[in-house]
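Engineer: return a 3D structure for these sequence lines:
(chains A and B)
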Amino acid sequence: MKAPLRRFTARHAWFAKLAGFAWLALACGYAQQQSTPPNPPIAPTLAKDPGPFLPPTPAQQGRGPRPVAGPTPHLPDGRPDFGGNGAWFPGFNGNLAETTWKGVKSADTHVDVPFLPWTLKTFNERVENLAKDDPEARCLPVGVPRFMFDPYAFQMIQTRNQVVFVFDGDNYLWRIVTVDPAGTHPKNLKPTWLGDSVGHYEGDTLVVDVTGFNGLAWLDQAGHATSDKLHLTERYTRTDSLTLKYEVTIEDPGAYSKPWTATNTVRWRPGLELMENICQEDEKSSIHMIGNVAPEKQ
Amino acid sequence: MKYFCFFAALAVMHAQGQMPRLADGKPDLGGDGVWLPRQVPDLTLKTDVPFQAWAKLKFQENNAMKQNQLDLRCLPPGVPRIMLMPRPFEIVQTPTRILFMYEGGAHVWRQIWMDGRAHPKDPNPNWLGHSIGRWDGDTLVVDSVGFNDMTWLDDAGHPHTQQLHVIEKYTRTDPQTMKYDVVIDDPGAYTKSWTSTSSLSFRQGEKLAEDICLDKVSKTQ
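Structural biologist: Down below sits the predicted model:
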């Protein structure tokens, strides 16, 4: 017997209605966005969440049945094992001081950021001008800690005295952390995007001290600024086989009045392999990063 | 005492000559340091290149340019050219993969699969190719396909097509030295496969620096 043709059932109708409503909501949102005057005045206080950024569907996220978490894996010598057959995927976390940003889940906790006046002004400008000067849009290194808040998969390879981070985005970058409990940073560091990283293990946590930054990187997509006085203390803890808790203390007397701590949870994707991703290959985005200007002025 | 010094010196020389090994007996291509390739601007100096006609013309055109235009855009130099440039890189070995982290080029890395997998049937053409490796005695043999046709094989400008198939052989002859042999097999550009050779030297205790090519580009523009 032939399989019966799939018919338009009540269930399908429900989906169709849902899709219709979603479309309507989107269209209205779009129309509203179009009708707002260009260049709104810069908010006097901390800029608000700039609005809808559609969360990816489960299919887009490649979600199958959720894998079951096991205990924290360890290397034979007792160190926590941050590797395995798979990769870490932070997802889109646009603002490391907010739990929701552009309509999707962002950092784990809200932080009242101790802005200095110039960083508050810069941050508000970047939110208002739609992050038009984002270094990442020009294929420059995402930097630390933003790599732990951006939707690029990464792996951590642990050797005797190093932890090598390899990223598939944004320009197929690597980052090497020297593991040495007595380690210190070299004097007169050349300022860089990723800084100089020295780490050690504290039980199941990898603690990394980073300094020597160039002050050009943004802490997140939203646009929290840094200065070349930035000093980070990162804490990586694999709380179970599928979960990496990330905590970073940002100490930057050139940009913030006191140290503050941001957190994120990064998921393990079993079987995920990294693919070469060369942002520079056919870079056509940066010319479109024109900010919040009216179409006729483009 | 004289004899002691003599034997001590012999022992040191012996130790220096020994190729380091990992716990599983495989050669250790890493260590606390970085590899520095010898600069080889032209892969073919000692070789008669079996050019196809178009490839010869393309080579002459590239060679006349003196400057790889993709370098100015900070794109990865490709294989084997990235192994012929005097910029350090680090090797990290795991049971299933060998990773190369390059200071020069575009701060990129490269992975060589050691888990026995085959190349994908229809690889997405990219800058560093799809690389699988195996041990032939103490020599690491890396087989790579899946390249785009935009890179040059060397600074001189030898062209290739997407049919490029590169076989690299890495032999650490002593702690300081790695022999590098490469077979270029590209039926789209050359009438038969051809080989070249170079070497790398180990810089004990040195570390990779961060050098972001795009920083310089944005400053000159």
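Engineer: got a pLDDT number for residue 37?
Structural biologist: Just going to use chain A. For A:Pro37, the pLDDT comes out at 47.
Engineer: you answered for a different chain; I wanted chain B.
Structural biologist: Predicted confidence (pLDDT) for B:Pro37: 97.
Engineer: doesn't B:Arg81 make contact with it?
Structural biologist: No - shown here, B:Pro37 and B:Arg81 do not form a contact pair, counting by C-beta atoms under 8 Å, at 10.1 Å. (C-beta placed from N, C-alpha, C; glycine too.)
Engineer: tell me, what's touching those two both at once?
Structural biologist: With C-beta atoms under 8 Å, 6 or more residues apart in numbering or on different chains applied, the contact sets of B:Pro37 and B:Arg81 do not overlap.
Engineer: how about the residues of chain A that lie near chain B?
Structural biologist: Contact residues, chain A versus chain B (C-beta under 8 Å from any C-beta of the partner chain): A:83, A:138-141, A:157, A:159, A:161-162, A:164, A:166, A:171-174, A:176, A:178, A:190, A:192-194, A:274-276, A:278, A:280-281.
Engineer: following the lowest-mean-pLDDT helix or strand in chain B, which helix or strand comes up?
Structural biologist: When the helices and strands of chain B are scored by mean pLDDT, DSSP states H and E, helix B:2-17 comes last with a mean of 55. Downstream of helix B:2-17, the next assigned helix or strand under DSSP states H and E is strand B:33-37.
Engineer: list the helices and strands that next one packs on?
Structural biologist: With contacts taken as 3 or more C-beta pairs under 8 Å, 6 or more residues apart in numbering or on different chains; DSSP states H and E, strand B:33-37 sits against strand B:89-93, strand B:194-204.
Engineer: mean confidence score for the last one?
Structural biologist: Think strand B:194-204. Per-residue scores along strand B:194-204 average to 96.
Engineer: what about the nearest residue to A:Asp220 once chain neighbours are set aside, neighbour count?
Structural biologist: Spatially, and ignoring its direct neighbours in sequence, A:Asp220 is nearest to A:Leu96 (4.6 Å; C-beta to C-beta, 6 or more residues apart in numbering or on different chains). Neighbour count of A:Leu96, defined by other C-beta atoms under 10 Å in any protein chain shown: 29.
Engineer: now swap in A:Gly78 and tell me
Structural biologist: 9.
Engineer: wait, doesn't the residue nearest to A:Asp220 sit right on A:Asp150?
Structural biologist: No - with contacts counted by C-beta under 8 Å, A:Leu96 stays clear of A:Asp150, the gap being 10.4 Å.
Engineer: between these two, what contacts are shared?
Structural biologist: Joint contacts of A:Leu96 and A:Asp150 (C-beta under 8 Å, 6+ apart) do not exist.
Engineer: so who does B:Val79 touch?
Structural biologist: B:110, B:128-129, B:131, B:144, B:147, B:151, B:166, B:168.
Engineer: and what of B:Gly104?
Structural biologist: By C-beta under 8 Å, 6+ apart, the neighbours of B:Gly104 are B:77, B:82, B:85, B:87-89, B:211.
Engineer: and these as CSV, adding pLDDT, neighbour count and distance to A:Leu244?
Structural biologist: Putting these into CSV (pLDDT from 0 to 100; neighbours: other C-beta atoms under 10 Å in any protein chain shown; distance: C-beta to C-beta, whole Å) gives the following:
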residue, pLDDT, neighbour count, distance to A:Leu244
B:Pro77, 94, 26, 33
B:Ile82, 96, 22, 31
B:Met85, 95, 22, 35
B:Arg87, 95, 17, 32
B:Pro88, 97, 22, 30
B:Phe89, 97, 23, 28
B:Asp211, 92, 16, 29
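Engineer: out of those residues, which is nearest to chain A?
Structural biologist: B:Asp211 (8.8 Å; C-beta to the nearest C-beta).
Engineer: how close does the residue minimising distance to the centre of chain B sit to A:Ile290?
Structural biologist: In chain B, the residue lying closest to the centroid (C-alpha atoms, centre = their mean) is B:Met83, at 3.1 Å. With distances taken as C-beta to C-beta, to the nearest Å, B:Met83 is found 41 Å from A:Ile290.
Engineer: same check, this time on B:Ile112
Structural biologist: Here B:Ile112 is placed at a distance of 42 Å from A:Ile290 (C-beta to C-beta).
Engineer: and these two? Which one has more around it.
Structural biologist: Applying other C-beta under 10 Å to B:Ile112 and A:Ile290 shows that B:Ile112 carries more neighbours, namely 22 against 12.
Engineer: what secondary structure does the more buried one sit in?
Structural biologist: Under DSSP: H, G, I helix; E, B strand; the rest coil, the three-state class of B:Ile112 is strand.
Engineer: tell me the bridge partners for it.
Structural biologist: Counting by DSSP bridges, B:Ile112 forms beta bridges with B:Ile98, B:Ser131.
Engineer: do the same with B:Thr197
Structural biologist: B:Asp181.
Engineer: low-confidence stretches in the stretch 51-200 of chain A?
Structural biologist: A:51-64 (pLDDT under 70).
Engineer: can you list the residue ranges for strands in it?
Structural biologist: Under the criterion DSSP state E, counting those that start in this stretch, the stretch 51-200 of chain A contains strands at A:86-89, A:100-101, A:104-105, A:154-158, A:162-167, A:174-179, A:196-202.
Engineer: on that earlier part again, go through the helices and strands packed on strand B:33-37 and pick out the most buried.
Structural biologist: Mean neighbours per residue, mean count of other C-beta atoms under 10 Å in any protein chain shown, is largest over those for strand B:89-93, with a mean of 22.
Engineer: CA atoms only: put that strand into CSV for me.
Structural biologist: The C-alpha trace of strand B:89-93 is given here as CSV (Å, rounded to 0.1, in the frame of the first residue of the first chain):
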residue,chain,number,x,y,z
PHE,B,89,56.0,28.6,13.8
GLU,B,90,55.3,26.2,16.6
ILE,B,91,54.4,22.5,16.4
VAL,B,92,52.0,20.9,18.9
GLN,B,93,51.5,17.1,18.6
